[in-house]
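>>> return a 3D structure for these sequence lines:
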Amino acid sequence: MDRPLPARRLRPPMGWNSWDCYGPTVTEQEVLANAEFMARRLLPYGWDTVVVDIQWYEPTARAHGYNPDAPLVLDAYGRQLPAPNRFPSAAGGAGFAPLARRVHELGLRFGLHVMRGIPRRAVAARLPVYGTEFTADEIADTASVCPWNTDNYGLDHNHPGAQAYYDSQVAQFAAWGVDFVKADDMLFPYHEREIAAYARAVERCGRPVELSLSPGTDVSLARLEHLREHATMWRVCDDLWDRWADVEAQFARMARWAPWQGEAGWADADMLPLGRIGIRAERGTDRLCSLTRPEQISLLTLWLIARSPLMMGGDLPTSPPETIELLTNDEALAVLWHSTGNREVLRENGLVLWTARDTDGRTRYAAVFSLAGEPRRYEVPLGSAGARPADRIRQLWTHADVPHDGRHLTVDLPAHGAALFRLAP
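Below is the predicted model of the structure:
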């Protein structure tokens, strides 16, 4: 890479994203409520980023889908502006600067979502591209469209105005105080030139900004070096919801990606659909997470041992205390922060076993998962878990030391359950 790595890349990003609970409809008041809760309860545990997801520029956004030919709020150069009816502080062309300032005052970082390309309405109106003599219709690739959202066209990167548009868009985000950009419709299919152009705009914006790429369907490990060169994190799946089938499918994906996790970039297993979700979401209705408690622990354990970024999708102020308890377990979170060599080492007869080492050189970790649909007891040989006969073994979700006979670790797990262990001399 031709630029220094931000210090934050030493661990995966952690934060809250409005998608799972509010879809495209989140308001300024709801963003601030989550930011204030995060600063008060989660910031000491590393959760520090607040992300406004899709269509913050759509004044008529609704749950359960997108409006065709939506009346997007744009500036004179075809760049999206927050809809003032949803984000009152953005009135008068202030953009997200006032909201970002409030978030920063809480000690947090501010992020937003953006779609690949340029708004179709800017193209239809032939709006000028900032700093150039080009117009939006000259730089758009009208054959390149998102299959699930009609807001934008892709860009023609054979035209110099395409890069200029991205440069001006990201420069405006930076001027507002944006720290994190989630760029969507980038990976399926894999838009190599769009990704490179967006990363170039981020480099030029004059502010440290982390770039997250979505949605992640069918992303190949053959893309690793390109992804590392251009992004902080990238999704490796389609949208994940509170269904065990969605969680179970992540075991194979994260086994593939986990050995490559590190400061050069992070494979993202997607948001955590925990707590209260679906309030005004794109899918589903207002509900608490449909995963059982053991399934929620399995989800978090896999994300931690695979060192995925953690983006909480539930509404923090109205989520149950037991959800917040999971998000603030400092012993479990230490696996995300301080482990290396993370990998799946065994998968047999419903048992999945992962191991990792701590950066202190002495401590090791093991995660034991059950894919079985009923309670089971597993006798795990200590050597298979990377443990030694004299090790002290501690279960990190329960904060309890676990006895063993020097040869095997006995693990009783509920259906779809998991246990996360620290192994130390």
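>>> now do the helices in the stretch 51-200 of the chain.
In the stretch 51-200 of the chain, the segments counted as helices under DSSP state H, counting those that start in this stretch are 97-105, 120-124, 136-139, 160-176, 192-204.
>>> tell me which residues touch Arg243, please.
By Cβ atoms under 8 Å, 6 or more residues apart in numbering, the contact list for Arg243 reads 290-291. For every residue, glycine as well, the C-beta is placed using N, CA and C.
>>> I'd like the distance between it and Gln169.
Going from Arg243 to Gln169 by Cβ to Cβ, to the nearest Å gives 35 Å.
>>> sorry, back to before: could you dump the helices of the stretch 51-200 of the chain to CSV with distance to Gln55 and mean pLDDT?
Listed next are those as CSV, based on distance: least, Cβ to Cβ, whole Å; pLDDT from 0 to 100:
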stretch, distance to Gln55, mean pLDDT
helix 97-105, 16, 98
helix 120-124, 13, 98
helix 136-139, 19, 98
helix 160-176, 16, 98
helix 192-204, 18, 98
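>>> closest to Leu333 out of the ones you listed?
helix 97-105 (21.8 Å; Cβ to Cβ).
>>> buried residues of the closest one, list them for me.
Neighbour-count burial for helix 97-105, counted by 16 or more other Cβ atoms under 10 Å, picks out 97-100, 102-103.
>>> same list, the residues you listed, but as CSV with distance to Val219 please.
CSV is the format used below for the buried residues of helix 97-105 (distance: Cβ to Cβ, whole Å):
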residue, distance to Val219
Ala97, 34
Pro98, 36
Leu99, 31
Ala100, 30
Arg102, 35
Val103, 30
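>>> picking that back up, reformat the helices of the stretch 51-200 of the chain into CSV and put distance to Phe87 next to each item.
Converted to CSV, the helices of the stretch 51-200 of the chain look like this (distance: least, Cβ to Cβ, whole Å):
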stretch, distance to Phe87
helix 97-105, 6
helix 120-124, 19
helix 136-139, 24
helix 160-176, 11
helix 192-204, 23
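>>> out of these, nearest to Leu112?
Minimum separation from Leu112 across these (Cβ to Cβ) falls at helix 160-176, 6.9 Å.
>>> just the angle between that closest one and helix 192-204, please?
Calculated by axes from the mean of the first three to the mean of the last three Cα atoms, to 10 degrees, helix 160-176 forms an angle of 40 degrees with helix 192-204.
>>> list the helices and strands helix 160-176 packs on?
Secondary-structure packing of helix 160-176 (3 or more Cβ pairs under 8 Å, 6 or more residues apart in numbering; DSSP states H and E): helix 97-105, strand 109-115, helix 136-139, strand 152-155, helix 192-204.
>>> with just CA atoms, put the strand ranked longest in the chain into PDB.
Longest strand of the chain, by residue count under DSSP state E: strand 339-348. Output in PDB follows, covering the C-alpha atoms of strand 339-348 (Å, rounded to 0.1, in the frame of the first residue of the first chain):
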ATOM      1  CA  SER A 339      -5.900 -12.800  19.400                       C
ATOM      2  CA  THR A 340      -3.900 -14.000  16.400                       C
ATOM      3  CA  GLY A 341      -3.600 -17.200  14.400                       C
ATOM      4  CA  ASN A 342      -7.400 -17.600  14.500                       C
ATOM      5  CA  ARG A 343      -8.700 -20.700  12.700                       C
ATOM      6  CA  GLU A 344     -11.100 -23.500  12.600                       C
ATOM      7  CA  VAL A 345      -9.300 -26.700  13.500                       C
ATOM      8  CA  LEU A 346     -12.100 -29.300  13.700                       C
ATOM      9  CA  ARG A 347     -15.600 -29.900  12.300                       C
ATOM     10  CA  GLU A 348     -17.100 -33.300  12.900                       C
END
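>>> what does the helix or strand following that strand rub up against?
Later in the chain than strand 339-348, the nearest helix or strand by DSSP states H and E is strand 351-358. The contact list for strand 351-358 (Cβ under 8 Å, 6+ apart) reads 251, 258, 302, 305-306, 334-335, 338-347, 363-371, 378, 380, 384-386.
>>> just the buried subset of those residues, please.
251, 258, 302, 305-306, 334-335, 339, 342, 344, 363-371, 378, 380, 384-386.
>>> in helices only, show me the residues you listed.
251, 302, 305, 334-335 (DSSP state H).
>>> quick one, the longest strand of the chain and strand 351-358 angle?
Going by the same axes, to 10 degrees, strand 339-348 makes 160 degrees with strand 351-358.
>>> poorly predicted segments of the stretch 201-350 of the chain, please.
Applying pLDDT under 70 to the stretch 201-350 of the chain picks out no residues at all.
>>> the strands in it, which residues?
Secondary structure of the stretch 201-350 of the chain (DSSP state E, counting those that start in this stretch): strands at 210-213, 233-235, 266-268, 276-277, 287-288, 310-312, 339-348.
>>> JSON lines for those strands, including distance to Ile297?
Output for these, formatted as JSON lines (distance: least, Cβ to Cβ, whole Å):
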{"stretch": "strand 210-213", "distance to Ile297": "25"}
{"stretch": "strand 233-235", "distance to Ile297": "23"}
{"stretch": "strand 266-268", "distance to Ile297": "20"}
{"stretch": "strand 276-277", "distance to Ile297": "17"}
{"stretch": "strand 287-288", "distance to Ile297": "15"}
{"stretch": "strand 310-312", "distance to Ile297": "14"}
{"stretch": "strand 339-348", "distance to Ile297": "18"}
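>>> of all those, which lies closest to Glu322?
strand 287-288 (10.2 Å).
>>> chain center to that closest one: distance?
Remark: strand 287-288 is offset 20 Å from the chain centroid, using Cα atoms, centre = their mean, to the nearest Å.
>>> need the contact partners of it.
275-278, 319-320.
>>> name every strand pairing with that strand and say which way it goes.
Strand 287-288 has its sheet partners listed here by DSSP bridges as strand 276-277 (antiparallel).
>>> and the contacts of the partner strand?
20-21, 242, 284, 286-289, 313-315, 318-320.
>>> if we use 7 Å, what do you get?
20-21, 242, 287-289, 313-315, 318-319 (Cβ atoms under 7 Å, 6 or more residues apart in numbering).
>>> for ChimeraX, write a command that selects the buried ones of those residues.
Buried residues among the contacts of strand 276-277 (16+ other Cβ under 10 Å), as a ChimeraX selection:
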select :20,21,242,288,289,313,314,315,319
